[in-house]
Every structure is written in C-alpha cells, then in structure tokens.
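# Pasting the sequence and the predicted model now:
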Amino acid sequence: MSKIISICVLFIMVVTMTVTIIITIGDDNHKTALPKSMVVKPFPKRVSRFLAEEKNPRAADHCKKNDEICYILEGKNSTCCNNKCMDLSEDKHNCGACKNKCKFTSSCCGGECVNLAYDKRNCGACGNKCMPGGYCIYGLCNYA
C-alpha cells in the first residue's frame, strides 16, 4: 500500500513539474532556441539608494570661505559659513551673519531675528506687514 502511495506522489510531482515547465516556456514566437528558463538575463545595474537621493541639506559643501562657489551652487543670497553654504536671510542658525543664532521664539526674516507673533513688519510670516498704525498680536494684524 505504501508503494502505491509513493508512486502516486511521485507521479503527481512529475506532472506538476511538467506543467510548470510548459507554462514557464510558453510560446515566445520561436525567437530563441533555448527555453526561457535557460536564457540568462543580465542583472539590472543596481544604483545605491544614497546616490538616487537629493543632496543632504546638512552635508558640508566645503566652500572654504569662497562665496563664489556658494553663489553658483545655492543662489545669490548664499554665503560660506563654517565651510558650508548658508542663506543668511533665512537660516535661523546663521541669521544675517555666520553663527548668529536666533532665539527659540524668533525666526530669521531678511537677515534679522524677529518675533513673528509681535513684529508688525513680519506678522505671522516673513514680509507680512500690518497696515500703518496697526499692531501685531499673536501673529495677527489688529487682533482684538
């Protein structure tokens, strides 16, 4: 009885493998003499995920106090600070000058540290001016 079961299992395995090979090979319009399972395809070129990413914003540009490199790489407002290109008009850690940090409650607007909650020239956002004679409270012009 166990011989019959073994033969049936072996037969089922052979049939399954045959059907799998036939499905895998398929009809490829007879373009190749070899079945698909025997054709060796070249591996696709693997690109590092680090190479595909954008430039790390915290990575050093190595400008070595050469503002021309920063101007070319970053734009007209960029200056070399601590061997990195920085925009002194917006960078909270280099606001208006290298290593000039704004306080926790302040933001850098146009190279000045300002409190966006109470500055009527930069109320709630940089460049948002309140009307003449108006005031800025909690980042809103004429809040009352």
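That came through fine. Numbers count the residues shown, from 1 in each chain.
# CA atoms for contacts and neighbours, from now on please.
Fine.
# wait, Asp119 sits on Tyr138?
No - look at Asp119 against Tyr138 with C-alpha atoms under 8 Å: they stay out of range, at 9.5 Å.
# For those two, indicate the residue with more neighbours.
Remark: of Asp119 and Tyr138, Asp119 carries more neighbours, 22 against 14, as counted by other C-alpha atoms under 10 Å.
# ok, residues contacting stretch 137-144?
Residues from elsewhere that reach stretch 137-144 (C-alpha atoms under 8 Å, 6 or more residues apart in numbering): 116-120, 123-125, 130-131, 134-136.
# could you redo the last one with a cut-off of 7 Å?
Contact with stretch 137-144 is made by 116-118, 123-124, 130, 134-136, as judged by C-alpha atoms under 7 Å, 6 or more residues apart in numbering.
# can I get those in a markdown table with secondary structure and pLDDT?
Shown next, in a markdown table, are these (DSSP: H, G, I helix; E, B strand; the rest coil; pLDDT from 0 to 100):
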| residue | secondary structure | pLDDT |
| --- | --- | --- |
| Leu116 | coil | 90 |
| Ala117 | coil | 89 |
| Tyr118 | coil | 88 |
| Cys123 | coil | 91 |
| Gly124 | coil | 90 |
| Cys130 | coil | 90 |
| Gly134 | coil | 85 |
| Tyr135 | coil | 87 |
| Cys136 | strand | 88 |
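# Drop anything exposed from these.
When these are checked for burial by 16 or more other C-alpha atoms under 10 Å, the buried set is 116-118, 123-124, 130, 135-136.
# Can you lay out these as a markdown table showing distance to Thr105?
Formatted as a markdown table, the buried ones among the contacts of stretch 137-144 follow (distance: C-alpha to C-alpha, whole Å):
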| residue | distance to Thr105 |
| --- | --- |
| Leu116 | 8 |
| Ala117 | 9 |
| Tyr118 | 11 |
| Cys123 | 13 |
| Gly124 | 12 |
| Cys130 | 20 |
| Tyr135 | 19 |
| Cys136 | 15 |
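# What is the nearest of those residues to Ile25?
Checking the buried ones among the contacts of stretch 137-144 against Ile25 with C-alpha to C-alpha, the nearest one is Gly124 at 66.5 Å.
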